[in-house]
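J.: One predicted model, sequence on top.
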Amino acid sequence: MAKYDKLRNTLLKRLDELEHSIDNDEEFETTELSNYDNHPGDNATDLTDKHTRLALRKHYEDEIQDIKEALSAMEKGTYGICTECSKEIPLERLEAIPSTTTCVEHAQQEINEEIRPVEESLLNSATDQPVENEDPRIRDYENSFEILEEVGSSDTPSDKQ
């Protein structure tokens, strides 16, 4: 379809960029022979960088799949038609997200609760009893800061006697 030629070119250009990026993604290697003498902060930075690259790679792979589906729909003549309700997708939406195959109403907008971090079930915002079955001897439940402030803080002279 001639009306989607510009979008096809946009998709092909983006596909080329993503594939080139994935092909040239070098596996991260530390320059140290051993992590024994590395500072923990350096190891944490290396780990964060590795996780960032893995997340970006997954995002790129998902985007490549979406682009290939959109290009396939163009070849079949179904591009611009929502795969859920078969209504026409507005051109403005296609220009904003050329790889989309659904209208706004059928775009995935719900949160998948199954992929939430496992730590969320353990963490809560309560300060009264933040740990279940906590030994009562651990906390005195008094405002320790007020006691310390009587002695002095960074806002008061510490040489009070």
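T.: Okay, I see it.
J.: Would you mark the buried spots in the longest helix belonging to the chain?
T.: Across the chain, the helix with the greatest residue count (assigned by DSSP state H) is helix 40-76. For helix 40-76, burial by neighbour count (16 or more other CB atoms under 10 Å) applies to 46, 60, 64, 66-67, 70-71, 73-74. Any C-beta I mention is one placed from the backbone N, CA and C, and that applies to glycine too.
J.: Low-confidence stretches in the chain?
T.: For the chain, the stretches flagged by pLDDT under 70 are 1, 25-37, 109-113, 121-132, 134, 136, 138-144, 152-153, 155-161.
J.: all helices of it, in order?
T.: Applying DSSP H to the chain gives helices spanning 5-23, 40-76, 91-96, 144-151.
J.: And those helices: which comes nearest residue 117?
T.: Across the helices of the chain, residue 117 has its closest neighbour in helix 40-76 (13.0 Å, CB to CB).
J.: Between helix 5-23 and that closest one, find me the angle.
T.: For helix 40-76 against helix 5-23, the angle by axes from the mean of the first three to the mean of the last three CA atoms, to 10 degrees is 150 degrees.
J.: Tell me the helices and strands packed up against helix 40-76.
T.: Counting contacts by 3 or more CB pairs under 8 Å, 6 or more residues apart in numbering; DSSP states H and E, helix 40-76 is packed against helix 5-23.
J.: If you count neighbours, what's buried in the helix it packs on?
T.: 7-8, 10-11, 14-15, 18.
J.: who touches that helix?
T.: By CB atoms under 8 Å, 6 or more residues apart in numbering, the surrounding residues in contact with helix 5-23 are 57, 60-61, 63-64, 67-68, 70-71, 74, 79, 94-95, 98-99.
J.: For the buried residues of helix 40-76, work out which two are farthest apart.
T.: Checked with CB to CB, these reach their widest spread between 46 and 74, with 42.1 Å between them.
J.: Residue 52 and residue 65: what is the separation?
T.: In this view, residue 52 and residue 65 are 21 Å apart by CB to CB, to the nearest Å.
J.: Count the neighbours of residue 89 for me.
T.: As a burial measure, residue 89 scores 20 neighbours (other CB atoms under 10 Å).
J.: No more questions from me, cheers.
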